[in-house]
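> take this sequence and fold it.
(one chain, ligands or ions: 1)
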Amino acid sequence: MTKICVLGLGYIGLPSASMFATQGHEVIGVDVNLVLVSALRRGEVHIQEPGLNMLLQSATQSGNLRVQSTPERAEAYIIAVPTPLERHPAMDTPRPDLRHVRAATEAIAPLLEAGNLVILESTSPPGTTANVVRPILERNGLHAGHDFWLAFCAERVLPGRILIELVTNDRIVGGIDPISAQRARDLYGSFVEGEIMMTDATTAETVKLMENIYRDVNIALANEFSRVAGHLGIDVSAAIALANHHPRVNILRPGPGVGGHCIAVDPWFMVDAAPNETNLIRTARAVNDAQPARVADLVSAVVSDVDHPTIAALGMAYKADVDDLRESPSLDVVRMLRERGYTVRAHDALAHRGPDGMVLETDLTAALSGADAMVILTDHTTYRELDPWSAGPSGMTHRRVVDTRACIDRARWQSGGFEVHALGAGGRSSVVEEVPHRI
Ligand SMILES: NC(=O)c1ccc[n+]([C@@H]2O[C@H](COP(=O)([O-])OP(=O)(O)OC[C@H]3O[C@@H](n4cnc5c(N)ncnc54)[C@H](O)[C@@H]3O)[C@@H](O)[C@H]2O)c1
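Below is the predicted model:
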C-alpha cells in the first residue's frame, strides 16, 4: 500500500482520493480552499455526485483518508487542480492558465524524495508535464526518470457517473520515461478495472485534448446542421436520428452551446499549442459559442408581440442532472435576454446558487408563474418530465416553450395548448425517435 497525497479535492480529486483510501492506501487529501477543507472534515460533500457521500464516509471511517490544507511527505503525489483559461480583451484567443498546476507542483517540490511518483491528472496543454512540472520538481537536484518518477494521467470520467467510470474506464498513462509510466499504471491498477495503456507524457496530454475536441467538433457540426435544417424547413432532430442509423455515423445533438470545464475549454489548449494548424478546431469553437445568441434570437422572435416579456429560463447547469454551472451557455442566454430588457427568471433543478451572486429561482412553479415563454436550456430530468397540465406551465401568461435540447414531447405539449419552438425544427414536428443522448 502506498501513501498518496492528492492535491485538489474537486470533482476529480475528491472521488480519486476517496477511492484510493477505500482500497487501503493511506491518503492525504489537500485543498487550498479552507472552507472546503473544514466542510470535508465534517463529512460534508460539496459536489452532487451519486455515491460520493458514502464513499467519502467509508474512506474517512477507515482512517485512511485525512483532509488538510497543505501537503505532507508521501510516496506518490497526484495533482488534480483546475486548468482554466485565461481570457483577456487584448488576447485573440483564450490561453491556458497553469497557475494552479504550478502552485501545486511548487508545494510538492520541497517534499520530494528519491523513489517518489508524481502524477499530473489535470487536463493540460501538450508538454506541461515535461516543460512545466518537471523543471519545478527538479530544482532540488533530483532528476525525473532517474531519481523520481513523473507521469501524466488524465481523467475521462463523466459527471453523474464518476464513481462507476473511475473504475471501469480505460486509462492512458504517459510517463516521462517508461518506468514512470509503469509506476503510474501500477498505482491506478489498485482499483481500475479498465485497460491501462502506456505512452509518453506529451502523447497522453494530447490524447486527452483530442477526445474532447472530437466531441466539440461533432457538436458544432450538429449545431450547423440545425441552422441548415431551419433554412430548409426540415426537423434537425428527426434528420440526425435517421442519419445515425448509418452504421458508421454518430452525430451528437444540437443545443444552446457547449459548456463545462472540459469540452468548452480544452480545444483552446490545442489551439495555443499549434495556432497555425487548428483552423477546424477554432471554427468549431466559434460555431458553438454563437449558439447562445441564436437561442436569444429565437426567444425574441417567440415573444416579439409581448411588451416587456417575462421569460422563465430553465436549466443553468451545462448538462443534464448535474449542478455544475462552469462555462454554461445557459448563463450567456440569460445575460443576453436581460440585456434585451426582458425579465428573466433563471431556474435550475439542482444548482441553487448562480455565479457572481446571480440569483436562481428555486421554485419551478413560481418561476413559471405569469411567464410569457419558458426556454429549456438544460435537459434535467425535472424538465423532461414536466407535465404541460401541471401547476407551473398552467400558470404561464402565454403558453410558449422554446426547447433548445429537443427534450420534451412536442406533440404532448402541443396538445396541452402550447406553442413549441425548437432549434432547427423548421416548423415541422416530424420527430420519429429520440436521438440517443451522448453528450
Ligand atoms: N470535472 C470533470 O468532469 C473533469 C473531467 C476530466 C478532467 N477534468 C480535469 O481535472 C482537473 C480538475 O478539475 P475539477 O473539475 O476537479 O476542478 P474543481 O474546481 O472541482 O477542483 C479543483 C480543486 O483544486 C483546488 N486547488 C486549486 N489550487 C490548488 C493547489 N495549489 N493545491 C491544492 N488544491 C488546489 C481548488 O480549491 C478546488 O477545490 C482539471 O484540469 C479538469 O479539466 C475534470
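> what residues does the stretch 1-150 of the chain have near the ligand?
Neighbours of the ligand within the stretch 1-150 of the chain, by C-beta under 6 Å from any ligand atom: 7-13, 30-33, 36, 80-83, 100, 103-104, 122-123. Bear in mind the C-beta positions are built from the backbone N, C-alpha and C, glycine included.
> could you rerun that using 5 Å?
7-8, 10-12, 31-33, 80-83, 100, 103-104, 122-123 (C-beta under 5 Å from any ligand atom).
> try the stretch 151-300 of the chain
Proximity of the stretch 151-300 of the chain to the ligand, by C-beta under 5 Å from any ligand atom, involves residues 155, 159.
> helices of the stretch 151-300 of the chain, start to end?
Applying DSSP state H, counting those that start in this stretch to the stretch 151-300 of the chain gives helices spanning 162-168, 178-188, 201-232, 236-243, 266-273, 279-289, 291-302.
> what about Met54, neighbour count?
12 (other C-beta atoms under 10 Å).
> who's in contact with the helix or strand hosting it?
Secondary structure assignment for Met54, by DSSP states H and E: helix 52-61. Under the contact criterion C-beta atoms under 8 Å, 6 or more residues apart in numbering, helix 52-61 has outside partners 14-15, 17-19, 21-22, 27, 40, 43, 45, 65, 162-163.
> any of those residues buried? List them.
Listed as buried from those are 14-15, 17-19, 21-22, 27, 40, 45, 65, 162-163; burial here means 16 or more other C-beta atoms under 10 Å.
> any low-confidence regions in the stretch 1-150 of the chain?
By pLDDT under 70, the stretch 1-150 of the chain contains no weakly predicted segment.
> residue contacts, the residue of it found nearest the ligand?
The ligand sits closest to Gly10 of the stretch 1-150 of the chain, with a gap of 1.7 Å, by C-beta to the nearest ligand atom. Counting by C-beta under 8 Å, 6+ apart, Gly10 makes contact with 31, 47, 80-82.
> the nearest residue to Gly127 once chain neighbours are set aside: neighbour count?
Among residues not flanking Gly127 along the chain, Thr202 sits closest, at 5.6 Å (C-beta to C-beta, 6 or more residues apart in numbering). Residues near Thr202, counting by other C-beta under 10 Å, number 19.
> can you check Met396 too?
For Met396, the neighbour count with other C-beta under 10 Å is 20.
> which of the three states applies to it?
Secondary structure state of Met396, per DSSP: H, G, I helix; E, B strand; the rest coil, is coil.
> re the thing from before, filter the residues of the stretch 1-150 of the chain next to the ligand down to the buried ones.
By 16+ other C-beta under 10 Å, these give 7-8, 10-12, 31-32, 80-83, 100, 104, 122-123 as buried.
> show me where the stretch 301-439 of the chain has helices.
In the stretch 301-439 of the chain, the helices defined using DSSP H, counting those that start in this stretch lie at 329-339, 364-368, 381-384, 391-394, 410-415.
> which of those helices sits closest to Gly189?
Closest approach to Gly189 among these is made by helix 381-384 (35.4 Å; C-beta to C-beta).
> which outside residues touch the closest one?
Helix 381-384 has contacts (C-beta under 8 Å, 6+ apart) with 314-315, 320-321, 349, 364, 376, 407-408.
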